[in-house]
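Novice: quick check, what structure comes out for this input:
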Amino acid sequence: MRRHIFAAITLTFLAVLEAVVLPRLFGSLPRPNLVLIIACTWSALRMDEGFVWALGGGLLLDVFSSTPFGTHTAALIVGNLAALILSRFPLPAEFFRVTNWVAFATIPYHLVQLGFLRIDQRPFDGTLALSGTILPLLVLNPLLSLGAYALLSPLQIRLNEEERFARRV
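Specialist: Sure, this is the predicted structure:
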């Protein structure tokens, strides 16, 4: 129960930070996708729970965003699913799995958002979106995922130990 409360508080904090604070700090510069980073890191570590985090984080971002409702939720789920498919390749270390997961999820996340903007008939420059947002975030998001991994990995190890202990009892 505690971990679900932790997840809800963390996702709410990150969604508010991403939707309200970061736009003011970064202006028109690319800004990190904090909810994507944390949800993808947790997905890479805990699979199903990470997809629940992606769903919850997407809904929170949709509440705080001016984009059509469901944009962030769909983008996070599609991004995580794409990363899940590509994560089947063996990697030498778990943190490489996390950084690759975040990188692989960043592209479909933003493509889904652009698709929603196109459906909503909002103007945007696709070339600028690619060169000014998606490509820089392919570097920034995976780098920030190393910090998320450092924070979430001990939690994941502890949860695995608790689950193993609960199965023995």
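
Novice: so which bits of stretch 71-90 are buried?
Specialist: Neighbour-count burial for stretch 71-90, counted by 16 or more other CB atoms under 10 Å, picks out 71-80, 82-84, 87. No exception for glycine: its C-beta is placed from N, CA and C like everyone else's.

Novice: so what's the gap between the least confident helix or strand in the chain by mean pLDDT and the chain middle?
Specialist: Evaluated with mean pLDDT, DSSP states H and E, the helix-and-strand set of the chain has its lowest mean pLDDT in helix 126-129, which scores a mean of 82. The offset between the C-alpha centroid of helix 126-129 and the centroid of the whole chain comes to 21 Å, using CA atoms, centre = their mean, to the nearest Å.

Novice: can you name every helix or strand that that helix contacts?
Specialist: Contact here means 3 or more CB pairs under 8 Å, 6 or more residues apart in numbering; DSSP states H and E; on that basis helix 126-129 packs against helix 94-119.

Novice: state the mean pLDDT of the helix it packs on.
Specialist: In this model, helix 94-119 has a mean pLDDT of 88.

Novice: hmm, back to that, residues making contact with the least confident helix or strand of the chain?
Specialist: If you take CB atoms under 8 Å, 6 or more residues apart in numbering as the criterion, helix 126-129 is touched by 110, 114.

Novice: do stretch 73-88 as well
Specialist: For stretch 73-88, the surrounding residues in contact (CB under 8 Å, 6+ apart) are 35-36, 39-40, 43-44, 47, 50-51, 54-55, 57-59, 61-62, 97, 100-102, 104-110, 112-113, 116.

Novice: can you flag the buried ones in the residues you listed?
Specialist: 35-36, 39-40, 43-44, 50-51, 54-55, 57-59, 61-62, 97, 100-102, 104-110, 112-113, 116.

Novice: show me what the longest helix along the chain is packed up against.
Specialist: In the chain, ranked by residue count with DSSP state H as the criterion, the top helix is helix 135-168. Of the remaining helices and strands, those touching helix 135-168 by 3+ CB pairs under 8 Å, 6+ apart are helix 34-46, helix 94-119.

Novice: mind putting those helices in CSV, distance to residue 9 included?
Specialist: As requested, these are arranged in CSV below (distance: least, CB to CB, whole Å):
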stretch, distance to residue 9
helix 34-46, 12
helix 94-119, 21
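
Novice: so which of those helices is nearest residue 148?
Specialist: Set against residue 148 and scored by CB to CB, the helices and strands packed on helix 135-168 come closest in helix 34-46, at 4.1 Å.

Novice: if anything else comes up later, I'll come back, but that's it for now.
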